[in-house]
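Participant: Structure of the sequence below:
(2 chains)
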Amino acid sequence: MSWTILELLRSNPEALKDVVKKRFIDPAIVDEAYKLDLEWRKMLTYVNELRHKHNVISSEIPRLPPEERKKRIEEAKRLLKEIKLYETKLKEIERRREELLLSLPNIIHESVPIGPDETYNMPIRCWGKAKVYREHLQLFLGETKGKGLEMDYEVIDWRPIGHADMLEKALKLGDTQKAGEVAGSRFYYLFDDLVWLDFALLLYAIDFLTQRGYKLVLPPYMLRHKIISGVIDLETFKDAIYKIEGEDLYLIATAEHSLAALHAYEEIPEEELPLIYVGISPCFRKEAGAGNRDLKGIFRVHQFHKVEQFAFTLPEQSWDVFEMFIRHAEELFKGLGLPYRVVNVASGELGAPAAKKYDLEVWMPAQGRFREMVSCSNDLDWQSYRLRIRFIRRRGMKKGFVHTINSTAIASTRTITAILENFQTPDGVVEVPKILRRYLEIFPKAPKDYIYPNKKSVQKT
RNA sequence: GCCGGGGUCGCCUAGCCUGGUAGGGCGCCGGCCUGCUAAGCCGGUGGGGUGUACCCCCGCGCGGGUUCAAAUCCCGCCCCCGGCGCCA
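Facilitator: Prediction:
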């Protein structure tokens, strides 16, 4: 059984170093991992030899006469002391080796643009007609034409209201002030039409994906440490994950985590692969590393709903599924009518688990920027190695680690911000995307064509 | 939460009381046989190291302890089943 990264570390450490350099991480960790792995193997062999000696003596003992037996037991005891000593050393080396191996990032696909930050992201395609406020025109062209992307647009002369003000001041359908008071910043109350909109978006996504053969899953919202640390890197753990006090439980930051865990420690016959799931869950994120970014509104919050695509595949299937996932996400956003571009994320911005990542970014007319709505990653065997998720090939019963791919379908609050900015009219109402109406029309109180400002005060609703 | 029963190499199961290093069945893989298939027969089927047709170590839910030796005895935890309690 071989894990891509360990295999590369042993057979070609220089190549692994290149990967690490491309991610702008200190390549010294590769040297250290290489040395420790070697040291571990040597020590393991030595300890195994000692254990063997002890096992030989042990198995002789029951057949010996009493006096002889006493002698051999003494000998075994002496040997045991020595074994304990070297086992302690081995354990320490093993612990450090494991820690280092698990801190190694995934390999990088050859098509990933090399660069330290998002300015190196490579736009690969776009869709829709962006509404560009006159003063944002240069920004828009810099992010499209300037990067070789030909995107349709119309210049507008009125300045759209930002999603945060739209929510709170124009529509009066959200209250982050009160939420901040009772829960903290980055929490929110949403009311009426925006709640309907949240649920309609989720229904739209699961309806779309289940029709394409995905298996629908409502997963656990909390996981044990062992599981969640198998799915994410240390950075994410520190910055995103909430812990339940006094228990070995952590709130998921996305359904990806519980979906990856769905087949933990299993062997999957090759004919069952690929397994393709759509999960729906709330997501809980600390946003510890975010500082003051997007502090207003509901773009970056501690809690939201998300529909997630997730797949387990054979190694040779993963790139096709990866492309399928981003295409399906695109179709969802086309359906909503939100203009977007897809970017190939630069090496320095890839998380440790991903070998390649696409972001789908919607044009936000009030902010004058493209903002991330969807993130689609191929993690190869980075997650499955940690969770020991394997496939078996019929031919020769060969085993290997499956590949895992994950992608957002729709994240509720973020998509709502995109709708608030893109579908507002100069007179301050918001048009409901037509494709969502079928999920709203069965509810008498849900909005149908437009979302209008709340006439009453928020408190009295 | 309490009481009782249980967790064994993909699945089912023996072994546990009485400690001596995991046996059987199914499935699957490889081979033999065969006009083909089936049946039958032989071997393989947890993880790791290595000198890679060989040898060795570790492994019986997880983690400790006792012992020369633990699936087996002791302690803690997790999960499953049944009963009681509680509950949306």
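Participant: what ranges do the helices span in chain A?
Facilitator: A:4-11, A:13-22, A:28-60, A:66-103, A:137-143, A:163-165, A:176-182, A:192-210, A:225-231, A:234-240, A:255-261, A:318-336, A:382-387, A:412-422 (DSSP state H).
Participant: Of these, which stretch is the most buried?
Facilitator: helix A:255-261 (a mean of 27; mean count of other C-beta atoms under 10 Å). Yep, even glycine has a C-beta here, placed from its N, CA and C like the rest.
Participant: Get me the contact residues on chain A for RNA strand B.
Facilitator: Proximity of chain A to RNA strand B, by C-beta under 7 Å from any atom of the strand, involves residues A:1, A:41, A:44-45, A:47-49, A:51-52, A:54-59, A:61-62, A:73, A:76-77, A:80, A:267, A:394-397, A:399.
Participant: want to try a markdown table for the helices of chain A, with mean pLDDT as columns?
Facilitator: A markdown table is the format used below for the helices of chain A (pLDDT from 0 to 100):
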| stretch | mean pLDDT |
| --- | --- |
| helix A:4-11 | 91 |
| helix A:13-22 | 94 |
| helix A:28-60 | 91 |
| helix A:66-103 | 87 |
| helix A:137-143 | 94 |
| helix A:163-165 | 93 |
| helix A:176-182 | 93 |
| helix A:192-210 | 96 |
| helix A:225-231 | 90 |
| helix A:234-240 | 86 |
| helix A:255-261 | 95 |
| helix A:318-336 | 97 |
| helix A:382-387 | 92 |
| helix A:412-422 | 96 |
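Participant: Show me what residue of the stretch 201-350 of chain A gets nearest to RNA strand B.
Facilitator: residue A:267 (5.1 Å; C-beta to the nearest atom of the strand).
Participant: Looking at the helices of chain A, spot the one closest to residue A:433.
Facilitator: Across the helices of chain A, residue A:433 has its closest neighbour in helix A:318-336 (4.5 Å, C-beta to C-beta).
Participant: Specify the angle between the closest one and helix A:192-210 in degrees.
Facilitator: Angle, helix A:318-336 to helix A:192-210, by axes from the mean of the first three to the mean of the last three C-alpha atoms, to 10 degrees: 140 degrees.
Participant: Does helix A:318-336 pack against any helices or strands, and if so which?
Facilitator: On a contact count with 3 or more C-beta pairs under 8 Å, 6 or more residues apart in numbering; DSSP states H and E, helix A:318-336 meets strand A:122-127, helix A:192-210, strand A:303-313, strand A:340-344, strand A:356-364, strand A:369-378, strand A:403-411.
Participant: can you give me how far that helix is from the chain middle?
Facilitator: The chain centroid and the centroid of helix A:318-336 are separated by 16 Å under C-alpha atoms, centre = their mean, to the nearest Å.
Participant: Likewise for stretch A:48-55?
Facilitator: On the basis of C-alpha atoms, centre = their mean, the separation between the geometric centre of stretch A:48-55 and that of its chain is 45 Å.
Participant: before we move on, what about stretch A:104-118?
Facilitator: With C-alpha atoms, centre = their mean, you get 16 Å for stretch A:104-118.
Participant: Please apply the same query to stretch A:441-454.
Facilitator: 33 Å.
Participant: Show me the contact partners of that stretch.
Facilitator: Stretch A:441-454 is contacted from outside by A:170-173, A:191-194, A:196-197, A:200, A:428-432, A:437, A:440, A:461, using C-beta atoms under 8 Å, 6 or more residues apart in numbering.
Participant: residues in contact with the residue nearest in space to the middle of chain A?
Facilitator: Central residue of chain A (C-alpha atoms, centre = their mean): residue A:256, 6.2 Å from the mean position. Taking C-beta under 8 Å, 6+ apart, we find residue A:256 in contact with A:231, A:279, A:308, A:310, A:406.
Participant: how about the residues you listed in JSON lines, adding distance to residue A:103?
Facilitator: JSON lines is the format used below for the contacts of residue A:256 (distance: C-beta to C-beta, whole Å):
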{"residue": "A:231", "distance to residue A:103": "15"}
{"residue": "A:279", "distance to residue A:103": "27"}
{"residue": "A:308", "distance to residue A:103": "25"}
{"residue": "A:310", "distance to residue A:103": "24"}
{"residue": "A:406", "distance to residue A:103": "21"}
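Participant: and the helices of chain A as a markdown table, adding distance to residue A:450?
Facilitator: As requested, the helices of chain A are exported to a markdown table (distance: least, C-beta to C-beta, whole Å):
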| stretch | distance to residue A:450 |
| --- | --- |
| helix A:4-11 | 52 |
| helix A:13-22 | 48 |
| helix A:28-60 | 55 |
| helix A:66-103 | 51 |
| helix A:137-143 | 26 |
| helix A:163-165 | 17 |
| helix A:176-182 | 23 |
| helix A:192-210 | 9 |
| helix A:225-231 | 41 |
| helix A:234-240 | 36 |
| helix A:255-261 | 31 |
| helix A:318-336 | 16 |
| helix A:382-387 | 43 |
| helix A:412-422 | 12 |
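Participant: wait, which of the ones you listed is closest to residue A:371?
Facilitator: helix A:412-422 (7.4 Å).
Participant: Just the CA coordinates for the closest one, please, in CSV.
Facilitator: Provided in CSV are the C-alpha atoms of helix A:412-422 (Å, rounded to 0.1, in the frame of the first residue of the first chain):
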residue,chain,number,x,y,z
SER,A,412,-26.2,30.2,1.7
THR,A,413,-25.1,33.5,3.2
ARG,A,414,-22.4,34.2,0.6
THR,A,415,-24.8,33.5,-2.2
ILE,A,416,-27.3,35.8,-0.6
THR,A,417,-24.7,38.6,-0.6
ALA,A,418,-24.2,38.1,-4.3
ILE,A,419,-27.9,38.2,-5.0
LEU,A,420,-28.4,41.4,-2.9
GLU,A,421,-25.7,43.2,-4.9
ASN,A,422,-26.4,41.8,-8.3
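Participant: For residue A:326, see how far away residue A:237 is.
Facilitator: 26 Å (C-beta to C-beta, to the nearest Å).
Participant: tell me how far stretch A:182-197 is from the chain's mean position?
Facilitator: 24 Å.
Participant: What's the end-to-end length of it?
Facilitator: 24 Å (C-alpha to C-alpha, to the nearest Å).
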